[in-house]
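K.L.:
fold the following for me, if possible:
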Amino acid sequence: MAPKVCVPADFGKRHIGAPSHGNLTFNMKEGEPIKANSIILSLNSPVIDNLTTDLHLTSLDVEDFSREAVDCFIEASYTGEVEAMNLDNFRDVNKMSHVFEISWLSARCEKYFVSYLDKLDSESSYPDILFAVEEAVYMMSALKKRHSLDLVITKMRAISSVKRNNFVEQFLSDLGSLTKVHINTSVAIVKSDVHVLVNMLISHLEKQGLGSLDDNSRYILKNVNLSICYLNRNDVHAKLFSTLKKLEDISKEDCKLYIHLLEDSTSKRFNSVIPVQLFSLQEHWNCSFVASFEKMASCKSITNLYMFFDGLYTKLRHFGRHDIKISSWIVKKIIAVKERRGWSNMYYDYVDIVKSSLNASKLAELVQNSEQLVTKTDKLNVSFIICELSGTEFVQNMFLKDGDFRFRVSDPDLAEHKFMLSINSMEKNDPDTFCMKWNSLEVIDDRSIVPKLHFALERHDENKQFKTLPISWCGKPSCDMSKKLWNWGYITFHTNYKLKEDNALVGSGGLNSRYLRNVVDDDTRCRLVAYVIK
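P.N.:
Sure thing, here's the model as predicted:
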């Protein structure tokens with residue numbers, strides 16, 4: 001057995017190829033054999049140590065590896081460096097590091113691969129991306145190492161969808177020759193753009209003369225989510241089943257598969273449009289806080305603790321700083337309402353941000369400190385729906401025109417699902433025509449995991465400090481006749497515009513001077529955010 005020596009180590013590049021040291025022969029497929037020192041190689045490789053010391057072998061057959069890779073392998077063992085490794089010999093060097101169990105060399109190969117992967121982006125060529133994907137597929141298939149494949153999939157998901165989908169189209173151009181790992185990798189890369197794979201399958205079937213399903217075609221049908229295709233690209237979904245009907249040789253099993261896929265992809269869909277509740281505080285203006293509390297507590301339209309908390313908070317804001325008189329009695333009453341209504345706790349971060357946003361309300365402080373009302377978590381529970389907008393941009397995109405905004409929830413259980421918030425703008429100065437609604441863009445087979453979302457407005461000032469402003473009690477937006485000054489509850493939006501309290505506003509509620517504490521103009525930025533309600 002070779003003595004214990006810390007490797008990698010520089011045993012001396014000048015000893016490579018020295019006849020007096022070359023007592024171990026590597027037999028190549030072609031050309032002269034390569035000689036190396038068994039002791040130096042044994043110090044790096046426990047496999048070679050066993051073959052030479054215990055089994056007394058003096059030669060090894062390495063016909064599966066290129067000469068360039070074997071030279072690089074030996075040089076690395078002698079010098080502790082991999083300077084000779086390149087794209088051409090990477091696969092063989094990496095495989096040799098695993099076959100001969102040289103852990104440090106395997107780690108260097110992984111570092112080389114990760115470094116190469118980091119350089120890929122949306123501007124990278126098809127051959128450059130292909131190298132990374134093929135090597136990752138090989139490591140998964142031959143070496144049973146999945147980590148590199150996961151890294152490639154993550155990288156591919158980060159580049160532009162156009163580049164990603166174009167790559168997959170070329171990658172699958174010869175569908176019949178690919179392995180299951182190739183197909184699984186493609187399924188993971190396209191994410192929700194399932195129609196790319198379906199189109200490639202249709203093209204493959206047409207090239208094959210519409211005879212019968214081959215193994216890879218059947219495998220794709222079983223492993224892609226056709227429900228997503230049906231939801232996002234109904235035309236491609238219809239074309240697929242139209243093509244399948246034209247196949248001349250259909251087995252009984254394939255026929256059953258078609259029926260199952262058709263029924264499954266068109267029936268298990270959650271695509272209900274859910275309105276965003278926007279309550280008006282107007283009916284509470286002339287009520288005491290206690291009277292408003294009781295109204296809100298019994299209101300059937302208030303369906304979670306977030307809405308209830310926002311309503312109480314907005315009511316207190318209507319009366320300025322009077323909330324400093326609130327004491328612990330309010331927490332007991334809120335807990336009683338929450339338990340009676342069967343609501344879940346709010347997330348700590350939401351109450352904390354609202355508290356810091358709105359004059360450090362005593363109500364928020366008391367609620368935040370109650371474990372019966374608030375749950376602490378390390379998870380980020382906010383999703384950003386639109387990019388940051390100035391006051392003018394927000395009005396143009398939210399109030400003056402219809403719009404659809406795609407977003408992802410941050411909850412780990414739903415990380416792969418996309419949603420859309422749709423805005424119906426105010427028509428002909430009628431605030432009642434304004435509404436917000438959201439729905440799933442993808443398939444959620446289990447309706448029980450469809451989240452409840454609570455929306456708010458995040459405002460950034462010129463000092464880059466942000467506030468979270470509840471909007472569930474902002475009601476409908478109103479504006480002056482010029483549509484330059486907008487009032488959405490206690491939030492005011494305006495451009496370079498002189499703010500006057502006597503401006504005539506269109507819509508119910510008018511402009512209340514006590515609401516002018518949160519102004520969004522062209523010197524500030526804001527965006528809509530969504531919280532997942534557990």
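K.L.:
can you pull the pLDDT of T314?
P.N.:
Per-residue confidence (pLDDT) for T314: 83.
K.L.:
same question, L380
P.N.:
Here the pLDDT value assigned to L380 is 57.
K.L.:
then the one 4 residues further on?
P.N.:
The per-residue pLDDT reported for F384 equals 76.
K.L.:
name the nearest residue to L149, ignoring sequence neighbours.
P.N.:
Nearest non-adjacent residue to L149, counting by CB to CB, 6 or more residues apart in numbering: A136, 4.2 Å away. Any C-beta I mention is one placed from the backbone N, CA and C, and that applies to glycine too.
K.L.:
give the contact list for the one you found.
P.N.:
148-149, 151-152, 185 (CB atoms under 8 Å, 6 or more residues apart in numbering).
K.L.:
what about those, which are in strands?
P.N.:
The strands in this structure, assigned by DSSP state E, contain none of the contacts of A136.
K.L.:
circling back: just to be sure, the residue nearest to L149 is in a helix?
P.N.:
Yes: assessed by DSSP: H, G, I helix; E, B strand; the rest coil, A136 belongs to a helix.
K.L.:
name the element M200 belongs to?
P.N.:
helix 194-207 (DSSP states H and E).
K.L.:
F293 and L312 touch, don't they?
P.N.:
Yes: the criterion here is CB atoms under 8 Å, and F293 meets it with L312 at 6.5 Å.
K.L.:
so between those two, which is more surrounded?
P.N.:
Remark: of F293 and L312, L312 carries more neighbours, 25 against 20, as counted by other CB atoms under 10 Å.
K.L.:
pull out the buried residues from stretch 219-235.
P.N.:
219-221, 224-233 (16 or more other CB atoms under 10 Å).
K.L.:
show me where the stretch 301-450 of the chain has helices.
P.N.:
For the stretch 301-450 of the chain, the helices defined by DSSP state H, counting those that start in this stretch occupy 305-318, 329-341, 348-357, 362-368, 391-394.
K.L.:
ah, wrong one, I meant the stretch 1-150 of the chain
P.N.:
Under DSSP H, counting those that start in this stretch, the stretch 1-150 of the chain gives helices at 38-44, 46-49, 67-79, 90-99, 103-118, 126-142, 147-158.
K.L.:
neighbours of A336, how many?
P.N.:
Count around A336 with other CB under 10 Å applied: 11.
K.L.:
from W343, how far out is it?
P.N.:
Distance of A336 to W343, computed by CB to CB, to the nearest Å: 11 Å.
K.L.:
quick one: contacts for K144?
P.N.:
By CB under 8 Å, 6+ apart, K144 has no neighbours at all.
K.L.:
now it: phi and psi?
P.N.:
Dihedral pair for K144: phi 60, psi 40, per degrees, to the nearest 10.
K.L.:
quick revisit: mean neighbour count, the helices of the stretch 301-450 of the chain: which tops it?
P.N.:
helix 305-318 (a mean of 23; mean count of other CB atoms under 10 Å).
K.L.:
how near is the residue nearest to R108 when sequence neighbours are not counted to H21?
P.N.:
Distances taken as CB to CB, 6+ apart place V82 nearest to R108, at 5.0 Å, with adjacent residues excluded. To H21, V82 is 21 Å away according to CB to CB.
K.L.:
more crowded one of the two?
P.N.:
Taking other CB under 10 Å, V82 and H21 do not tie; V82 has more neighbours (22 against 18).
K.L.:
let me see the backbone angles for that one.
P.N.:
phi -120, psi 40.
K.L.:
pull the contacting residues for it.
P.N.:
V82 neighbours (CB under 8 Å, 6+ apart): 72, 76, 93, 105, 108-109, 112.
K.L.:
pLDDT weak spots in the stretch 401-534 of the chain?
P.N.:
Within the stretch 401-534 of the chain, the stretches with pLDDT under 70 are 410-417, 442-450, 461-465, 495-517, 534.
K.L.:
all strands for it, in order.
P.N.:
Counting by DSSP state E, counting those that start in this stretch, the stretch 401-534 of the chain has these strands, from start to end: 403-408, 418-424, 435-440, 452-460, 466-470, 478-480, 485-488, 491-494, 505-506, 518-520, 525-533.
K.L.:
tell me which of these lies nearest to L201.
P.N.:
With distances scored as CB to CB, the stretch of the strands of the stretch 401-534 of the chain nearest to L201 is strand 418-424 (23.0 Å).
K.L.:
buried set for the closest one?
P.N.:
418-419, 421-423.
K.L.:
now do the helix or strand just after the helix holding M200 against helix 194-207, angle only.
P.N.:
From helix 194-207 onward toward the C-terminus, using DSSP H and E, the following helix or strand is helix 215-223. Interaxial angle, helix 215-223 versus helix 194-207 (axes from the mean of the first three to the mean of the last three CA atoms, to 10 degrees): 150 degrees.
K.L.:
hmm, who's touching helix 215-223?
P.N.:
175-176, 178, 180, 183-184, 187, 197, 201, 204-205, 213, 254, 257, 261.
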